[in-house]
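need a structure here:
(chains A, B, C and D)
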Protein chains: 2
Amino acid sequence: MFVMTERKQEILTIAQGLFKDNSYTATSIRDIAKAAGVEPASLYSHISGKEELLDMTCFRMADKFINGIAEVNDIYFDAAQKLKMAVNTHVEILTSNLNAAVVFQRDWRHLSPDRKKEFVDARNSYEHGFRVIVQNGIDEGLFNEVDIKFAALTILSSLNWIVEWYHEDGKLTPQEIAENLYNFILTGLKK
Amino acid sequence: MFVMTERKQEILTIAQGLFKDNSYTATSIRDIAKAAGVEPASLYSHISGKEELLDMTCFRMADKFINGIAEVNDIYFDAAQKLKMAVNTHVEILTSNLNAAVVFQRDWRHLSPDRKKEFVDARNSYEHGFRVIVQNGIDEGLFNEVDIKFAALTILSSLNWIVEWYHEDGKLTPQEIAENLYNFILTGLKK
DNA sequence: TGTCATAACGAACATTCGTTAGGCAAATAT
DNA sequence: ATATTTGCCTAACGAATGTTCGTTATGACA
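Below you'll find the predicted structure:
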């Protein structure tokens, strides 16, 4: 049976911090142990192995995203409002779980083959949620008739990259970032 | 003295293909040797070490980008035209060096500290090139008065992410991708 | 024919990797 | 008070890591 003790959560958080700076593969069990103030072998009282730390990180984040987009798409709004909400939620999830978000984006490739497949499926279903919004917008006559798949990918691109430069004590709050991004996506640069 | 033989280029290309699929840290010298049809020790007749492969990949790409943006900013055009050219060039570089581009984006973190600093400087100067274009656009009255740094980052985000989904035999040609991206950046989704 | 550079080889190096085994003290449950 | 669980320890495992070593076959050039 799966349990999640306080100490295990602590270790996970520590690991995510290291993974963020050094990547999953370049971070060793010994690095994590040292950061946790414990001998390497002691970690195995809490986790089944290194990959569990990666697995939990990736799939917990995936859950957050999928729940977020489902919530948005369940509400009866027009596409512009939905998009605004989706952007807000996405930025919120990224910025309030920054370390995990970085791992989620960079290191899912190192999941075991089976779990990697599941992960990619999950990510695809999230992207699908965005495609639905874009399609709605076109149907409602609000959005230009763009390539839906391409548009969804481009939107997500601009959202995802913020983990590369966002700092908690930066100039912009997550709310402001989301607002700027939404405006950018909706109206572009042109005056 | 630095030399670049045909065989060395071959090995570099092979390594980039592996790095792309498996990341730099998770690719071993033995993996590269096997893919090159050679014993691990033989690689050292051509390269000084594993990091040289990463180093060459990152800085060759950086050079391409920096030369590209310099060319664009040297020409006397309005900001919209400059942006279009910059997007074109960027997409061209990414798509015609896909493996190297992926490594360039993901694995520069594993450069030695000194080289990493140089790399970040180079990348910053490239981003600066984009900020200049945005600033020009605002000065010329063509662009909205957005946060310049934020805008440049968002533009580059949407450009960079294409390495995650682009396939040579995909539906869209690099030219079409660049065009779509330019339109998206300039005018957004809104009808 | 003799000299030298090139590109490869097999073997081994020290180190690091993730993980397991077994024990021990303190906290917790019965 | 006794039994059990928890959380950590030391020690060690086999495998994989990047790299160095001395050697050798090949071919160009003097």
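
can you tell me the element residue A:9 falls in?
helix A:6-22 (DSSP states H and E).

and chain B, is the following helix or strand past that helix touching that?
Downstream of helix A:6-22, the first helix or strand assigned by DSSP H and E is helix A:29-36. No - Helix A:29-36 does not reach chain B (C-beta under 8 Å from any C-beta of the partner chain); its nearest approach is 12.9 Å. Yep, even glycine has a C-beta here, placed from its N, CA and C like the rest.

what about helix A:29-36, distance to the chain center?
Helix A:29-36 sits 25 Å away from the centroid of its parent chain (C-alpha atoms, centre = their mean, to the nearest Å).

which helices and strands does that helix pack with?
helix A:6-22, helix A:50-74 (3 or more C-beta pairs under 8 Å, 6 or more residues apart in numbering or on different chains; DSSP states H and E).

now for the ones you listed, which one comes closest to residue B:177?
helix A:50-74 (24.9 Å; C-beta to C-beta).

quick one: contacts of the helix or strand following the closest one?
Sequence-wise, the next helix or strand downstream of helix A:50-74 (DSSP H and E) is helix A:79-96. Outside helix A:79-96, the residues that touch it by C-beta atoms under 8 Å, 6 or more residues apart in numbering or on different chains are A:61, A:64-65, A:68-69, A:71-73, A:75, A:77, A:101, A:129-130, A:133-134, A:136-137, A:139-140, A:142-143, A:155-156, A:159-160, A:162-163, A:166, A:168, A:174-175, A:177-178, A:181-182, A:185-186, B:189-190.

flag every residue of chain A that's near DNA strand D.
For chain A, the residues in contact with DNA strand D (C-beta under 7 Å from any atom of the strand) are A:5, A:7, A:38, A:39, A:40, A:41, A:42, A:45, A:46.

right, and residue A:184 touches residue B:147 too?
No - applying C-beta atoms under 8 Å as the test, residue A:184 and residue B:147 come out as separate, 10.0 Å apart.

residues of chain A that sit close to DNA strand C?
So far as C-beta under 7 Å from any atom of the strand goes, chain A lies against DNA strand C at A:27, A:28, A:29, A:30, A:31, A:40, A:41, A:43, A:44, A:49, A:50, A:51.

how about JSON lines for those residues, with pLDDT added?
Formatted as JSON lines, the residues of chain A next to DNA strand C follow (pLDDT from 0 to 100):
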{"residue": "A:27", "pLDDT": "98"}
{"residue": "A:28", "pLDDT": "98"}
{"residue": "A:29", "pLDDT": "98"}
{"residue": "A:30", "pLDDT": "98"}
{"residue": "A:31", "pLDDT": "98"}
{"residue": "A:40", "pLDDT": "98"}
{"residue": "A:41", "pLDDT": "97"}
{"residue": "A:43", "pLDDT": "98"}
{"residue": "A:44", "pLDDT": "98"}
{"residue": "A:49", "pLDDT": "98"}
{"residue": "A:50", "pLDDT": "98"}
{"residue": "A:51", "pLDDT": "98"}
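
neighbour-wise, which one of those leads?
residue A:27 (24 neighbours; other C-beta atoms under 10 Å in any protein chain shown).

for that residue, give me its contacts.
Counting by C-beta under 8 Å, 6+ apart, residue A:27 touches A:15, A:18, A:19.

check residue A:69 too.
The contact partners of residue A:69, by C-beta under 8 Å, 6+ apart, come to A:86, A:89, A:126, A:129, A:130.

repeat that for 7 Å
Going by C-beta atoms under 7 Å, 6 or more residues apart in numbering or on different chains, residue A:69 touches A:86, A:126, A:129.

who wins on neighbours among those?
Busiest of these [other C-beta under 10 Å] is residue A:86, holding 26 neighbours.

okay, now the unreliable bits of chain A?
By pLDDT under 70, the low-scoring segments of chain A are A:1.

if you set the cut-off to 50 instead, what comes out?
For chain A, no stretch has pLDDT under 50.

how about the residues of it by chain B?
Contact residues, chain A versus chain B (C-beta under 7 Å from any C-beta of the partner chain): A:23, A:25-26, A:106, A:109-110, A:137, A:141-144, A:146-147, A:150-151, A:153-154, A:157-158, A:160-161, A:165, A:180-181, A:184-191.

restricted to helices, list those.
A:106, A:137, A:150-151, A:153-154, A:157-158, A:160, A:180-181, A:184-187 (DSSP state H).

show me what contacts the residue most central in space within chain A?
In chain A, the residue lying closest to the centroid (C-alpha atoms, centre = their mean) is residue A:101, at 4.6 Å. For residue A:101, the contacting residues are A:61, A:94, A:163, by C-beta under 7 Å, 6+ apart.

ok, residue A:160 to residue A:103 distance?
13 Å (C-beta to C-beta, to the nearest Å).

neighbour count: these two, which is higher?
Set side by side, residue A:160 and residue A:103 show more neighbours around residue A:103, with 27 against 19, by other C-beta under 10 Å.

where does that one fall, secondary structure wise?
helix A:98-106.

number of residues surrounding residue A:191?
For residue A:191, the count of nearby residues is 12 (other C-beta under 10 Å).
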